[in-house]
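J.: what follows is a predicted protein model with its sequence.
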Amino acid sequence: MSESMLALVGLTAVTVVFKGAGPMLHRVPEPLARRLAGLAPALLAGLVMSEVIGRNGLPHVDAKMAGVAGAVGLASRRAPLAVCVVAGAAVAALLRLVT
Amino acid sequence: MLAALPVVTAVGVFGISYGVLGVAAGIPGWQLVVMSMTVFAGSSQFAAVSALGGAGGAIGAIVSGGLLNTRYLATGTAAGRVLPGGRIRRALLGQLVVDESYALGVAVGGPDSPDPDAMLAAGSMEWLAWVVGSAIGVLIGPVVGDPMRLGLDAAFPAMFVALLWPLLDRPGARRCALGGALAVAVVAPLAPGGLELAAAGVVGLILAGDGDSPGGAGNAGDAGNAGDAALGGPA
C-alpha cells in the first residue's frame, strides 16, 4: 500500500472514531477534554516548525520563511484565514520572482 | 438556511485550494477526493497533505491529521445530545458535525442544545461543497503550474499559522504551542518520518495539564465561542 493510501485509510478510521464517539457515548470526561485542548496548539505550531526547518532541525531563512513571517504578522492582527494564506504564498512567490 | 451560504461558498474555495496543494504534493487525485468524502475535516486534511508532501509520511499524516480532530470529541458530545436515533445513527450523523455546521447549530439553538436540523442541513451542504471543491482543485491543479513559483509551499505553514493564532488566547495554549514547536525541532533531525509530530502532540497533552482551568482568566466570551469551533478553517 502506498504512503498516501495508508494515510487515507488511517486518517479516515481515526477521524470517524473521533467524530462518532461523542454522539455515541454522550459524554467525554472533563479532565480528558482539558488535556486534549492542548493538542491543537502544539500540533499546529509543530506543523509550522516542520515546514520551515531543514534536516538539521534549524530554521531555513528563505522565501518560504518570509511568507510564514508575513502570515504571522497578518494573523496577529486578526486577518481572516484566506488572507493569511494568500499573502503568505504571495510573499514567497514575489521573493522568488525578484531573487 | 440562507445563513449557511457564505460558509458553504468559503468551504468550496477552501476545498479547491486543498485539491491544488494535494496534487502539487504528489498525491493521486482520486485519493484526495475520497479523503474529502470520508474524513471531511479541512485542517486535518491539510495537515495530512503537508506531512505526505514532506518528510512526515503516512505516520505523520495520520498522527497530525488525526489528533487535530480530537476536538470533535467535545463538539460531538454536545451535538450527540440533540441528534436523533440510536447510537449507530447518531455516530453516523455525527460525521456531518464539523466546526462550521456546529457553529451554525449553536447560533440557532444555543450552546447547550445546538439545533440538529440546522446542523445537519449545513453539514450536508458543506460536505457537498468540500467534495466538489476538492475535485475541482484536483482537476485544475496540474494546470496551475510550478507550485514553488507560485509560493504554494508557503501556503501550508501560512495556513497553520492562521489556524494557530486565535487559539493562543486560551489558558496554557502558548506553552503548548512553544513546546510543540520545540519538540519538532529536536525530534525531527533524530527521527524523521512523522514521529516529530507525535512528539509535539505528547508535549501538548502534558503541557495542557493541570493548574489552568480553561476560561479561568475570566474570559466569559470564550464559553459562547461556538463551543470548541476552534480551528477557524472551513470543515
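T.: Here it is on my side, so go on. It should be emphasised that the depicted structure is a prediction, and the values quoted were computed from it without experimental measurement. Numbering: from 1, shown residues only, chains lettered A, B, ... in the order given.

J.: list the buried residues of the longest helix along chain A.
T.: Looking across chain A with DSSP state H, the single longest helix is helix A:3-25. Neighbour-count burial for helix A:3-25, with 16 or more other CB atoms under 10 Å in any protein chain shown as criterion, is recorded at A:3-4, A:6-12, A:14-16, A:18-24. The way it works is simple: take the backbone N, C-alpha and C, and place the C-beta from them, glycine included.

J.: could you find the closest non-adjacent residue to B:S134?
T.: Leaving out its chain neighbours, the residue that sits closest to B:S134 by CB to CB, 6 or more residues apart in numbering or on different chains is B:S36, at 4.0 Å.

J.: that neighbour is in contact with B:Q45, isn't it?
T.: Yes. Judged on CB atoms under 8 Å, B:S36 makes contact with B:Q45 at a distance of 6.8 Å.

J.: list residues touching both of the two?
T.: Counting by CB atoms under 8 Å, 6 or more residues apart in numbering or on different chains, the contacts common to B:S36 and B:Q45 are B:Y18.

J.: count the residues that sit near the residue nearest to B:S134.
T.: For B:S36, the tally of surrounding residues (other CB atoms under 10 Å in any protein chain shown) stands at 26.

J.: that one sits in which helix or strand?
T.: Taking DSSP states H and E as the criterion, B:S36 maps to helix B:29-38.

J.: now do that helix: which elements does it pack against?
T.: Identification of packing neighbours for helix B:29-38 by 3 or more CB pairs under 8 Å, 6 or more residues apart in numbering or on different chains; DSSP states H and E yields helix A:3-25, helix B:5-24, helix B:42-53, helix B:116-144.

J.: what stretches of the chain score poorly on pLDDT?
T.: No chain was given, so I picked chain A. A:27-28 (pLDDT under 70).

J.: oops, wrong one, chain B.
T.: Using pLDDT under 70, chain B drops low at B:1-2, B:192-193, B:210-235.

J.: what residue is smack in the middle of it?
T.: The structure's chain B has its C-alpha centroid closest to B:S43; by CA atoms, centre = their mean the separation is 2.9 Å.

J.: please apply the same query to chain A.
T.: Taking CA atoms, centre = their mean, chain A has its central residue at A:L44, 4.2 Å away.

J.: was I right to think it contacts B:L167?
T.: Yes. Assessed by CB under 8 Å, A:L44 is found in contact with B:L167 at 7.3 Å.

J.: please parse chain B into its domains.
T.: For chain B, automatic domain parsing gives the domain ranges B:2-169, B:170-225.

J.: am I right that the residue nearest to the centre of chain A sits in a helix?
T.: Yes. Judged by DSSP: H, G, I helix; E, B strand; the rest coil, A:L44 forms part of a helix.

J.: who touches it in this structure?
T.: By CB under 8 Å, 6+ apart, the contact set of A:L44 is B:68, B:160-161, B:163-164, B:167, B:177, B:180.

J.: just the ones of those residues in strands?
T.: With strands identified by DSSP state E, none of the entries of these belong to them.

J.: in CSV, list those along with distance to chain A and neighbour count.
T.: Rendered in CSV, the data for those read as follows (distance: CB to the nearest CB, whole Å; neighbours: other CB atoms under 10 Å in any protein chain shown):
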residue, distance to chain A, neighbour count
B:L68, 6, 28
B:F160, 5, 31
B:V161, 4, 28
B:L163, 5, 28
B:L164, 4, 27
B:L167, 5, 19
B:A177, 4, 28
B:G180, 3, 32
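
J.: quick check: the farthest pair among the residues you listed?
T.: Using CB to CB, the two most remote members of the contacts of A:L44 are B:L68 and B:V161, lying 14.6 Å apart.

J.: still on that earlier bit, so which of the domains of chain B is the most packed in?
T.: Each of the domains of chain B was assessed for mean neighbour count using mean count of other CB atoms under 10 Å in any protein chain shown. The highest is domain B:2-169, with a mean of 22.

J.: so the closest residue to A:L6 other than its chain neighbours, which of the three states?
T.: The spatial neighbour of A:L6 that comes closest, neighbours along the chain excluded (CB to CB, 6+ apart), is B:A58 at 3.9 Å. Per three-state DSSP, the secondary structure class of B:A58 is helix.

J.: B:A58 contacts A:A7, doesn't it?
T.: Yes. In this structure B:A58 lies within contact range of A:A7 using CB under 8 Å: 4.4 Å.
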